[in-house]
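Student: Take a look and give me a structure for this.
(one chain, ligands or ions: 1)
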Amino acid sequence: MIYILGHKNPDTDSVSSVIAYSDFLKKEGKNAEPITLGKINNETKFVLDYFGIKIPEIKTELPQNAEVILLDHNEKKQSIDNLDDLNLIEVIDHHKINLKTEKPINVCIKPLGSSCTLIAEKFLEKNIDISSQIAGLLIAGIISDTLFFRSPTTTEKDKDILKKLNKIAKIENLEEFSLNMFQAKSDLGNIKVEDLIQLDYKEFDFNGHRWGIGVMETTNKQYALERKKEIKEKLKLLKKRNNLEGVIFTIIDILEEKSWTILAEENEKNVFQKVFSAVDEEGLLFVDKLVSRKKQIVPKLEDYFRSK
Ligand SMILES: [Mn+2]
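Tutor: Residues are numbered from 1 along each chain as shown. All right, here's what the predicted structure looks like:
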């Protein structure tokens, strides 16, 4: 059995690519099982419901020496807890490389907008049939990660592959489908504030300066703005607990392509204002056109701390 898994705090790209790659491997005659490392978000739930695909099983550990493939991540701390006890055989990803292995493995990392684009390429290269369900799932992953081509992470390849996939999936109105996805993602009800922060949260080491960065992509920014105070309190706690130098939470308005960042404390504010020329709006730092942690927030902070 080969276990296919995406990152912690799973998003639609990681869950969709995991399910699609398991399907690919099965069609190649292999025994593959998709798993997730935690509860899926409302956007992913909407997508799986839409295409009638069952939610992969949640696992936080796997049996010793089990064969695993990592999708949509390549960092140990974003992966399954007992990764060191497992037999890692392959990595497919579109994030920066932070990987060390004990033996040679298959690695496919490309600067594309989504891991689903990479998986679709694999089907197309090998001429393996894509079912309409899987095509739809791959489309959803691309739409989610690229904010339907609004994010600067988008490439021509993502657009081209999505077009090809929709010849199979035949989603009539992609604009409407994407809006329904984003609205599902934005519908958070009365989620606990700690879960809200963890929805899409990652920690980074910038030249010895450790920062935690949560993002919330939404079509309903008011929801998060109204909870600004409790979010800030939790960021402070998280900063202390995880012994971090900075913690921020960026609310990204997907449709307007603008962002508002909540900071744990004052030192983050100085850095964030310097690096992003952010405008202070009653304690929230506003930046126009800042929509991507991967392509904008992380590289700019990395650059800033390189000489610090
Ligand atoms: Mn991704």
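Student: Run through the strands of this structure in chain order.
Tutor: Using DSSP state E, the strands of the chain run over 2-5, 32-36, 57-58, 67-71, 87-93, 106-109, 201-206, 209-218, 246-253, 258-263, 279-281, 284-288.
Student: Can you lay out those as TSV showing mean neighbour count and distance to the ion?
Tutor: Using the backbone N, CA and C atoms, a C-beta is placed for each residue, glycine as well. What follows is those, written out as TSV (neighbours: other CB atoms under 10 Å; distance: least, CB to the ion, whole Å):
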stretch	mean neighbour count	distance to the ion
strand 2-5	23	13
strand 32-36	21	14
strand 57-58	11	19
strand 67-71	24	9
strand 87-93	19	8
strand 106-109	14	12
strand 201-206	18	12
strand 209-218	21	12
strand 246-253	24	15
strand 258-263	23	19
strand 279-281	11	29
strand 284-288	18	22
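Student: Kindly check the end-to-end length of stretch 23-37 for me.
Tutor: Start-to-end span of stretch 23-37 (CA to CA, to the nearest Å) is 19 Å.
Student: What lies in contact with that stretch?
Tutor: By CB atoms under 8 Å, 6 or more residues apart in numbering, the list of residues contacting stretch 23-37 from outside reads 1-8, 10, 14-15, 18-19, 21-22, 55-60, 62, 79-80, 119, 122-123, 126, 128-129, 131, 134.
Student: Just send the strands of the chain back as TSV, with mean pLDDT too.
Tutor: Shown next, in TSV, are the strands of the chain (pLDDT from 0 to 100):
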stretch	mean pLDDT
strand 2-5	98
strand 32-36	98
strand 57-58	98
strand 67-71	98
strand 87-93	98
strand 106-109	97
strand 201-206	94
strand 209-218	97
strand 246-253	98
strand 258-263	97
strand 279-281	94
strand 284-288	96
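Student: Take these and lay them out in TSV including distance to residue 232.
Tutor: Rendered in TSV, the data for the strands of the chain read as follows (distance: least, CB to CB, whole Å):
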stretch	distance to residue 232
strand 2-5	33
strand 32-36	30
strand 57-58	30
strand 67-71	33
strand 87-93	32
strand 106-109	35
strand 201-206	15
strand 209-218	12
strand 246-253	8
strand 258-263	6
strand 279-281	14
strand 284-288	10
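Student: still on that earlier bit, only whichever of the contacts of stretch 23-37 are buried, select them in PyMOL.
Tutor: For the buried members of these, the matching PyMOL selection, counting by 16 or more other CB atoms under 10 Å, is:
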select buried, resi 2+3+4+5+6+7+8+10+14+15+18+19+21+22+56+59+62+79+80+119+122+123+134
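Student: Quick one: name the residues of this protein near the ion.
Tutor: Neighbours of the ion within the chain, by CB under 5 Å from the ion: 13, 72, 115, 145.
Student: now do 8 Å
Tutor: Along the chain, the residues adjacent to the ion under the rule CB under 8 Å from the ion are 11, 13-14, 17, 72, 93-95, 114-116, 141, 145.
Student: Just give me the closest of those to residue 283.
Tutor: Nearest to residue 283 out of the residues of the chain next to the ion is residue 11 (CB to CB; 27.9 Å).
Student: Tell me, how many residues neighbour that closest one?
Tutor: Using other CB atoms under 10 Å, residue 11 has 23 other residues around it.
Student: quick one: contacts for it?
Tutor: So residue 11 contacts 41, 43-44, 72, 144-145, 200 (CB under 8 Å, 6+ apart).
Student: Using CSV, lay out those residues together with distance to residue 253, neighbour count and pLDDT.
Tutor: Compiled in CSV, the contacts of residue 11 are given as follows (distance: CB to CB, whole Å; neighbours: other CB atoms under 10 Å; pLDDT from 0 to 100):
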residue, distance to residue 253, neighbour count, pLDDT
41, 18, 20, 94
43, 16, 24, 97
44, 20, 26, 98
72, 24, 29, 98
144, 16, 27, 98
145, 17, 29, 97
200, 15, 20, 93
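Student: dump the residue contacts of residue 109.
Tutor: Contacts for residue 109 were tallied using CB under 8 Å, 6+ apart; they are 74, 91-95, 97.
Student: can you do 7 Å?
Tutor: Residues in contact with residue 109, defined by CB atoms under 7 Å, 6 or more residues apart in numbering, are 74, 93-94, 97.
Student: Need the max-distance pair from those.
Tutor: Using CB to CB, the pair of the contacts of residue 109 lying farthest apart is 94 and 97, separated by 10.7 Å.
Student: quick one: which of the two has more around it?
Tutor: Higher neighbour count among residue 94 and residue 97: residue 94, with 26 against 11, using other CB under 10 Å.
Student: the helices in the stretch 101-250 of the chain, which residues?
Tutor: Ranges of helices within the stretch 101-250 of the chain are 115-125, 132-146, 156-169, 174-186, 193-198, 221-226, 228-241, based on DSSP state H, counting those that start in this stretch.
Student: quick one on the thing from earlier: farthest-apart pair in the contacts of residue 11, please.
Tutor: Farthest-apart pair in the contacts of residue 11 is 43 and 72; separation 14.7 Å (CB to CB).
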